[in-house]
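Peer 1: Here is a sequence together with a model predicted from it:
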Amino acid sequence: TLAPARQMSGSAHTFTAVVTDWPAATRYGASVEIALPTENGTVLGAVLYGDESLLTLRPGDTVRGSAALELAHTVGGEESDTFYARGIFLTGSLRGALEVDSPEGVPVRYWPAFWARHLKEQIARSFPADVAGLVSGLVTGDKSGLDDATYTAFQRTGTAHVVAVSGLHVSILCALLLMLCGRRKNLAIFLCLPVMLL
C-alpha cells in the first residue's frame, strides 16, 4: 500500500479522484477526503487541502486537478499515525482550479455519509450546543464536535472510548433490535446484519 504512495509523494500530480466524505473547514481554507487512483490500479485514501471552495463538494463528486502530494505521516509538522490509522496515506495541497462533476443521484456507497450528516444536523438542532458534540460522538463516533478541553478530560479519565464506535455500541444496538423483535430471533438476525453494516 505504501509503495505507490511513496512514488507519488514529493511532487505535483494531475489527478482524477472521488470525494469520499464531507469537506471540513480548516484554519487556512478547507480539506476533503478523496479516493485517489494510482498508476498500478490501487486506490489510496488522501486528504486534499485548498481554499473554501472545497466546502461545496459532496461525497460522490468526481474532482480533477493538480496537487503537491506528500506522505501523510505528519500532522502539524510532527510524526503521527493518525492519518494512516484512518486509511489516509497522502495529503495534497491543491494547485490551481479544481474541476468538479457531480452525479445526478447520490451513489449508494455514499448514502451512509449523507445519513450521518443528517443525523448530526438533527442532533445539533435537538440538543444544547455544549451537549450536541458529546451526543454526536456517542451516536456516530465523530469527535469533531467536542472541544479540546472536553476530549482531553475524557482521555485523562480513561473514558475517551465512549465517543468511538465500538463493539459496545454495536451490541447495544443489536440488543435493542432483539428486544423489539421479541421471540422472532430470525427476524432480529435479519435486521441486525444490515443495521450493523450501516
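Peer 2: Arrived safely.
Peer 1: drop to CA atoms for contacts and neighbour counts, all remaining ones
Peer 2: Will do.
Peer 1: Give me the distance between the residue positioned nearest the centre of the chain and residue 8.
Peer 2: By C-alpha atoms, centre = their mean, the mean C-alpha position of the chain lies nearest to residue 21, the distance being 5.3 Å. Distance of residue 21 to residue 8, given as C-alpha to C-alpha, to the nearest Å: 22 Å.
Peer 1: Next: residue 185.
Peer 2: Distance of residue 185 to residue 8, computed by C-alpha to C-alpha: 51 Å.
Peer 1: who has more neighbours, the two?
Peer 2: residue 8 (18 against 13; other C-alpha atoms under 10 Å).
Peer 1: Find the residue closest to that one in space, skipping its chain neighbours.
Peer 2: residue 69 (6.6 Å; C-alpha to C-alpha, 6 or more residues apart in numbering).
Peer 1: Pull the contacting residues for the one you found.
Peer 2: 8-13, 90-93 (C-alpha atoms under 8 Å, 6 or more residues apart in numbering).
Peer 1: so what's it bridging to?
Peer 2: residue 11, residue 92 (DSSP bridges).
Peer 1: Give me the pLDDT value at it.
Peer 2: Here the pLDDT value assigned to residue 69 is 89.
Peer 1: Buried subset of the contacts of residue 69, written for PyMOL?
Peer 2: A single PyMOL command is used to select the members of the contacts of residue 69 judged buried by 16 or more other C-alpha atoms under 10 Å:
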select buried, resi 8+9+12+13+90+91+92+93
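Peer 1: Which parts of the protein are helices?
Peer 2: In the chain, the segments counted as helices under DSSP state H are 2-8, 82-85, 111-126, 129-140, 148-156, 167-181, 185-197.
Peer 1: Any idea how far the third one is from the middle of the chain?
Peer 2: Computed by C-alpha atoms, centre = their mean, to the nearest Å, the chain-centroid distance of helix 111-126 equals 13 Å.
Peer 1: pLDDT weak spots in this structure?
Peer 2: 74-82, 165 (pLDDT under 70).
Peer 1: The same query, at a cut-off of 90, please.
Peer 2: Applying pLDDT under 90 to the chain flags residues 1-13, 24-28, 38-42, 44, 69-88, 90-92, 96-98, 101-124, 129-198.
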